[in-house]
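1. one predicted model, sequence on top.
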Amino acid sequence: NCLRYKMAFPSNEVSESTQTFVSESRAQEIPELLKYHEDRYDGVVVEIENEQQQYNDAARFTSSLKASLSQWTRQGKKGVWIKVPIEQAKLLPALIQEGFWYHHAEASYVMLAYWIPSKSRPACTIPANASHQVGIAAFVFNAQGEVLVVQEKYGPYKDSGLWKMPTGRIEQGECINKGAVREVKEETGIDTEFLEVLGFRDGHNAAFGKSDLLFVCMLKSLSSEILIEDTEISAAKWMAMEEFVAQPKNQQSKLLKDMVDVCVARFEGRYKGFSPIFHIPTNSTKPRSVFYCNALADSKAELE
C-alpha cells in the first residue's frame, strides 16, 4: 500500500505525507495495552471501567489483552486479575478464550484470574476464593438470669420446637463483636453489650460447599422489650436458664449440648472466654482490627 501510494506522486512532494500515512498505519497495528496496577505479589490488577473506549469493542479489547499478556510475560509477572463490571459482561468470552477463569463474583462485578507460568514457578499460587462463611450465635442474658431465645421461621430448626440462641452472618468488613450486637438487635430489637467469644464451631460442606465458622458469643442485655423481625423469626422470648438447658434437643445433640454447657459455665463463673482487644493499624486508611484472647495471668501459679 505504501509503495503504490508513493508511485502516484513525485517523491519530493510525498515524503511528509508518506511518513504520516506509515505512522498512522503502525499506530493502528500496535494494540493499546490494558491499564493496570501492580499488586504486592508481583502480579497485576486490571479494573475495567465503563467509560473507557478501549473496552467498548470486543475485538479491540482482545488485541489489547493479548498484547498485555505478552508484555507481562516478558516482565516476569505472575498472577493477573481482571475485574469486569456487570455492564461489560460482553468481554467475558474473550477472557475465557485466553485462559482466564472465574475467581469470584459480587453483585456488581466478576473477578477473573490468570497465571503466567515460568520455569521457576510453573505451579499456580493464586489463592482460591474465600473458603469460609462466618456466623455468630448470641448467648444473651438479663439481670434476672434469663436467656434470650428465638424460634426460626426458616432454616434447619424450623418447626422443631427448639428455642435457640439468635444466630446470623457476619458482614464483610464487620468485626465479630459488632456483628453479634447487630444481629441480636435486628432479630429481636434487644440492645446488648458484647462481652466475650466463648468458643467457635468449625464445620464444612455448608452453603454451596463452603466451610462455616460459628462463633458463640456472650452478650449482656441493655433493654428488655422484644420486637421480633418477622421475616426471619417466628417468635422470641426470655427463658429461664434451667428451661433453656433442659430442652430435649439441647441434650440430644452433642454439639448443642457442648455449646450450651460452655455458655452456662461462663454465666456461673466456671469458665473464661475471649475478650476483645482493639488495635489501631499503623496505616490510618485501614479499619481497626480486634484480637480476642483470655486475660493474661500475673504468674505461672495462676495458670495451674
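-> Yep, that arrived.

2. which SS class is the spatially most central residue of the chain?
-> By C-alpha atoms, centre = their mean, the chain has its centre lying nearest to Q172, at 5.6 Å. Following DSSP: H, G, I helix; E, B strand; the rest coil, we place Q172 in the coil state.

3. distance of it from N142?
-> 31 Å (C-beta to C-beta, to the nearest Å). Bear in mind the C-beta positions are built from the backbone N, C-alpha and C, glycine included.

4. can you check L148 too?
-> 7 Å.

5. same deal with M165?
-> The value you get for M165 to N142, if C-beta to C-beta is used, is 14 Å.

6. among the two, which residue is more densely surrounded?
-> Neighbours around M165 and N142, counted as other C-beta atoms under 10 Å, are more numerous at M165. The numbers are 22 against 16.

7. E183 against I136, yeah?
-> Yes: counting by C-beta atoms under 8 Å, E183 touches I136, with 6.1 Å between them.

8. shared neighbours, M165 and N142?
-> L148 (C-beta atoms under 8 Å, 6 or more residues apart in numbering).

9. list the buried residues of the helix or strand that contains A137.
-> Using DSSP states H and E, A137 maps to strand 132-141. Buried residues in strand 132-141, counted by 16 or more other C-beta atoms under 10 Å: 133-141.

10. what is the most widely separated pair among those residues?
-> Q133 and F141 (26.7 Å; C-beta to C-beta).

11. A58 contacts A94, correct?
-> Yes: judged on C-beta under 8 Å, A58 makes contact with A94 at a distance of 5.8 Å.

12. just the CA atoms of stretch 274-289, as CSV, please.
-> These are the backbone C-alpha positions of stretch 274-289, laid out as CSV (Å, rounded to 0.1, in the frame of the first residue of the first chain):
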residue,chain,number,x,y,z
PHE,A,274,-12.0,-14.5,74.9
SER,A,275,-12.4,-10.7,75.4
PRO,A,276,-11.8,-8.2,72.5
ILE,A,277,-8.7,-6.1,72.4
PHE,A,278,-8.9,-3.3,69.8
HIS,A,279,-5.9,-2.4,67.7
ILE,A,280,-5.5,0.8,65.6
PRO,A,281,-3.5,-0.1,62.4
THR,A,282,-0.4,2.0,61.6
ASN,A,283,-2.0,2.6,58.2
SER,A,284,-4.8,5.0,59.1
THR,A,285,-6.7,4.2,56.0
LYS,A,286,-7.4,0.7,57.2
PRO,A,287,-10.2,-0.1,59.8
ARG,A,288,-9.1,-1.2,63.3
SER,A,289,-8.7,-4.8,64.0
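
13. now it: average pLDDT?
-> Stretch 274-289 shows a mean pLDDT of 80.

14. contacts for it?
-> Stretch 274-289 is contacted from outside by 173, 175, 177, 194-198, 290-295, using C-beta under 8 Å, 6+ apart.

15. how does this structure divide into domains?
-> Following automatic domain parsing, the chain resolves into domains at 1-29, 31-129, 132-270.

16. next, the distance between the ends of stretch 240-252.
-> Terminal residues of stretch 240-252 lie 19 Å apart, using C-alpha to C-alpha, to the nearest Å.

17. which parts of that stretch are buried?
-> Buried residues in stretch 240-252 (16+ other C-beta under 10 Å): 241, 244-245, 247, 250.

18. closest to K119 among these?
-> Of all the buried residues of stretch 240-252, the one sitting nearest K119 is N250; the distance, using C-beta to C-beta, is 58.8 Å.

19. helices or strands up against the host helix or strand of the closest one?
-> Assigned by DSSP H and E, N250 belongs to helix 248-252. For helix 248-252, the packing partners by 3 or more C-beta pairs under 8 Å, 6 or more residues apart in numbering; DSSP states H and E come out as helix 254-267.

20. tell me the angle the helix it packs on makes with strand 132-141.
-> Calculated by axes from the mean of the first three to the mean of the last three C-alpha atoms, to 10 degrees, helix 254-267 forms an angle of 50 degrees with strand 132-141.

21. pretty sure F278 is in a strand, no?
-> Yes: assigned with three-state DSSP, F278 falls within a strand.

22. who's it bridged to?
-> Assessed by DSSP bridges, F278 has beta-bridge partners V290.

23. and W101, how many residues sit next to it?
-> W101 has 12 nearby residues by other C-beta under 10 Å.

24. check which helix or strand the closest residue to it other than its chain neighbours maps to.
-> Leaving out its chain neighbours, the residue that sits closest to W101 by C-beta to C-beta, 6 or more residues apart in numbering is A113, at 6.0 Å. According to DSSP H and E, A113 maps onto strand 109-115.
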